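Undergrad: I'll drop the sequence and a predicted model, then ask my questions.
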Amino acid sequence: MVAHPDESPGFLLWHVTLRWQREIVAALAPLDLTHVQFVLLATAWWMNSHGESPNQLSLARRAGTDVKMTSQVLRRLEDKGLLGREVDPADTRAKLLRTTDEGAELARRAIGVVEAADAAFFGATPDLSTLQALMRPLADRPLADP
C-alpha cells in the first residue's frame, strides 16, 4: 500500500500528464489546433507520407483514439480544409483519408511546435532514454475492452 499519494506512480503520472497536456495545448493554440486535432492530422499526414491511405478506423487505431470521437474531429479537420475523404474503391462504405496541401503544411509546422514543447518540457528529465524505455511497454499494451 502506498503511504502517500505522491508515492503512487499512477498519481504522479496523472499530474505529469496534466502539466504536459497544458503545455501542448498552449503551444498549439496559435495554430488553431486542439491537441486531438493535432494528433489525428499529424498521424494522417505521417501515414499518407509513408504510402498509406488510412480510413477512420485505421487512423483511430494508429492514433489510439476513440473511433466515434475520431469521426467528429475528422469532420472538423475536413471543414477547416485540412483533410479530404475519398470513397475506398475496395469498400464503398469506408472513406480514405488524405491530408490536403494546407493540412500537410500545417501538420509539419505543428509537429515542429510540439517537438519543441516536448523538448522544453522533458528537457529537465535527467535520463530521457530511460523514461522512454520504461514507457514503451506500457504504451504498447492492448487496451482493455470497456
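TA: Received the coordinates, thanks. Numbering: from 1, shown residues only.
Undergrad: any idea of the pLDDT on Glu105?
TA: Looking at Glu105, its pLDDT stands at 98.
Undergrad: Is Gly84 part of a helix or strand, or is it coil?
TA: strand (DSSP: H, G, I helix; E, B strand; the rest coil).
Undergrad: neighbours of it, just the number please.
TA: Neighbour count for Gly84, taken as other CB atoms under 10 Å: 14. All C-beta atoms are positioned from the backbone trio N, CA, C, and that covers glycine.
Undergrad: Same check on Ala44?
TA: 27.
Undergrad: For it, give me its contacts.
TA: Pro54, Leu59, Leu83, Leu97, Arg98, Thr99, Gly103, Ala107 (CB atoms under 8 Å, 6 or more residues apart in numbering).
Undergrad: any idea of the mean pLDDT in the helix or strand hosting Arg93?
TA: Assigned by DSSP states H and E, Arg93 falls within strand 91-99. The average of the pLDDT scores along strand 91-99 is 92.
Undergrad: which other helices and strands contact that strand?
TA: helix 35-49, helix 56-63, strand 83-88 (3 or more CB pairs under 8 Å, 6 or more residues apart in numbering; DSSP states H and E).
Undergrad: ok, 6 Å please
TA: Applying 3 or more CB pairs under 6 Å, 6 or more residues apart in numbering; DSSP states H and E, one finds that strand 91-99 contacts helix 35-49, strand 83-88.
Undergrad: Pick the most buried one from those.
TA: Compared across those, helix 35-49 shows the largest average neighbour count, a mean of 21 (mean count of other CB atoms under 10 Å).
Undergrad: quick one on the thing from earlier: relative to Glu115, which of the helices and strands packed on strand 91-99 is closest?
TA: Distance to Glu115, taken as CB to CB, is lowest for helix 35-49 among the helices and strands packed on strand 91-99, at 10.6 Å.
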